[in-house]
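Participant: Quick one: sequence plus predicted model below, questions after.
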Amino acid sequence: MRSEYRCLASVAAAALGSILLASSVAAQERPLPMGRSIGAACTRSVTVPAPAGAPGPGAGPAREPGQGPPGAGPGAGPGAAVGQGPPPFESNLTPAEATKLVKVRDDVYAVVNVNNAVLPDIPLYGGNVGIYLTDGGVVLVDSKNERMHDDLVAKVRSLTNAPISYVVLTHNHADHSAGAAKLRALGATVIMSAADRKRMGGVNDPGLPQVGYDEHAEIVLGGKRVELLEFCGHTSGDTVVYLPDARVVIAGDLVATPDSIPQITNYADGGSWTDMVRSLDALAELDFDFMIAGHGPVLTKREFLAHRSKMAAIRTRAEELVRAHKSQSEIAKALAAEFNWGVGPGLAAGNIAGMLVEFAGD
């Protein structure tokens, strides 16, 4: 654990008595459930800096496939950056109508959007949320946004009156993290990777997680284990939550399956397609039956494996096209035609620009 968070984590552990944060050295030596070391699971082998003048993380979607808006950096995502004003989108659906509660296990539920659409649903209603019920309290994975707070809490209350003890954020993008401040105000402890915690607001930000971790952390609550595993690919510090007793994985935006919400990396936040595919390979070795993705429906492991193969094929094809000196527009059209990837409101445009850099070679 980085020194700047070691003291904070120690205080939290002593006061709460239910979170155990592994040190960096111990994490490197401790094997993941799939048998790989944590250090090897996330290589961060590719670094693609955002171009000068690019907006901050989570900038709005691009305009046309292969042609992002002026100044848009590679990997611009659908959620506005934390701290920005409300999104300029409208919908006839109330928060309660726009989301639904899905039972995964007797003690695991998912809150998912009714419509698999980038706009206006992701800015308005956020991404998926995982709910883990224990005798000691509730663990939430991701927080949606402030607008969705009341509906999210109401859905939890429909299952239990136990307090929301922990909120684990899979990454820093607003559609997953902007509801953290209101959950902190309820008394929850918010946790995320140290890498993505640095991308949140300053120390006075009410939504800033109280605890950051490196590579691995474990929450023990009500006799149940919650494993936090740091990967990379969508950002440089993605958190995957593994519930070994329930055999459920909550993957955040390392996994998004609907064609209408194409899975992307966020280059501006340290992600890359190379590491994203490697992380999916590592996730495939976890022992689980169901996965809650960052967007889209709850998946069986078989469905996840099919999605992993598709993402690997997209990465391979994109590299071939870049090495063949194809233009952004040509690459976008090819990936849309061959994989139905990047269709819709042009969300993939920023990724094409980043792919040109990532796969350019020597």
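Facilitator: Cool, got the structure.
Participant: Could you use CA atoms for every contact and neighbour count after this?
Facilitator: OK.
Participant: neighbours around Met200, how many?
Facilitator: Per other C-alpha atoms under 10 Å, the neighbour tally for Met200 reads 22.
Participant: Surely it is in contact with Gly212?
Facilitator: No. With contact defined as C-alpha atoms under 8 Å, Met200 and Gly212 do not form a contacting pair (11.4 Å).
Participant: Name the nearest residue to Leu321, ignoring sequence neighbours.
Facilitator: Ile331 (6.3 Å; C-alpha to C-alpha, 6 or more residues apart in numbering).
Participant: Now do the contacts for the one you found.
Facilitator: With contacts defined as C-alpha atoms under 8 Å, 6 or more residues apart in numbering, Ile331 is in contact with Gly66, Ala318, Leu321, Val322, Ile352.
Participant: Would you mind giving those as a markdown table with distance to Asp151, pLDDT and secondary structure added?
Facilitator: Output for the contacts of Ile331, formatted as a markdown table (distance: C-alpha to C-alpha, whole Å; pLDDT from 0 to 100; DSSP: H, G, I helix; E, B strand; the rest coil):
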| residue | distance to Asp151 | pLDDT | secondary structure |
| --- | --- | --- | --- |
| Gly66 | 36 | 31 | coil |
| Ala318 | 40 | 97 | helix |
| Leu321 | 44 | 97 | helix |
| Val322 | 44 | 96 | helix |
| Ile352 | 36 | 92 | helix |
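Participant: overlap in contacts of Met200 and Gly212?
Facilitator: By C-alpha under 8 Å, 6+ apart, no residue touches both Met200 and Gly212.
Participant: Which parts of the protein are strands?
Facilitator: Ranges of strands within the chain are 19-21, 99-105, 108-113, 129-134, 137-141, 164-168, 189-193, 211-213, 216-221, 224-231, 238-243, 248-256, 290-295, 299-300, based on DSSP state E.
Participant: Count residues in the vicinity of Ser327, would you?
Facilitator: The burial count for Ser327: 15, using other C-alpha under 10 Å.
Participant: Actually, Thr160.
Facilitator: 15.
Participant: gap between it and Ser193?
Facilitator: 28 Å (C-alpha to C-alpha, to the nearest Å).
Participant: before we move on, what about Leu228?
Facilitator: Distance from Leu228 to Ser193, by C-alpha to C-alpha: 9 Å.
Participant: Tell me which of the two has more neighbours.
Facilitator: Ser193 (29 against 26).
Participant: how much space is there between that one and His234?
Facilitator: Distance, Ser193 to His234, using C-alpha to C-alpha: 13 Å.
Participant: before we move on, what about Tyr166?
Facilitator: 23 Å.
Participant: Repeat that for Gly222.
Facilitator: Relative to His234, and taking C-alpha to C-alpha, Gly222 is found at 31 Å.
Participant: Ok, Lys103 next?
Facilitator: Distance, Lys103 to His234, using C-alpha to C-alpha: 26 Å.
Participant: Between these two, tell me which one has more neighbours.
Facilitator: His234 (28 against 13).
Participant: Ramachandran coordinates for the more buried one?
Facilitator: phi -80, psi -40 (degrees, to the nearest 10).
Participant: That one touches Gly252, doesn't it?
Facilitator: No. Using C-alpha under 8 Å, His234 is not in contact with Gly252; the gap is 9.0 Å.
Participant: Could you point out which of the strands of the chain sits nearest Asp151?
Facilitator: Ranking these by proximity to Asp151 (C-alpha to C-alpha) places strand 99-105 first, at 8.7 Å.
Participant: which parts of the closest one are buried?
Facilitator: Buried residues in strand 99-105, counted by 16 or more other C-alpha atoms under 10 Å: Thr99, Lys100, Leu101, Val104.
Participant: contacting residues around the nearest residue to His234 once chain neighbours are set aside?
Facilitator: In space, and not counting its chain neighbours, His234 is closest to Thr265: 4.2 Å by C-alpha to C-alpha, 6+ apart. Contacts for Thr265 (C-alpha under 8 Å, 6+ apart) come out as Gly75, Gly233, His234, Thr235, Gly271, Ser272, Trp273, Met276, Asn351.
Participant: between those, which is nearest Ala293?
Facilitator: His234 (12.6 Å).
Participant: so how far is Ala324 from that closest one?
Facilitator: 25 Å.
Participant: next one: Asn161
Facilitator: 58 Å.
Participant: just Glu285 next, same as before
Facilitator: With C-alpha to C-alpha as the criterion, Glu285 and Ala324 are 33 Å apart.
Participant: Looking at those two, which one has more neighbours?
Facilitator: Glu285 (13 against 10).
Participant: Tell me the confidence at the more buried one?
Facilitator: What the model reports for Glu285 is a pLDDT of 91.
Participant: Got the phi and psi for it?
Facilitator: The phi/psi pair for Glu285 (degrees, to the nearest 10) reads phi -90, psi -10.
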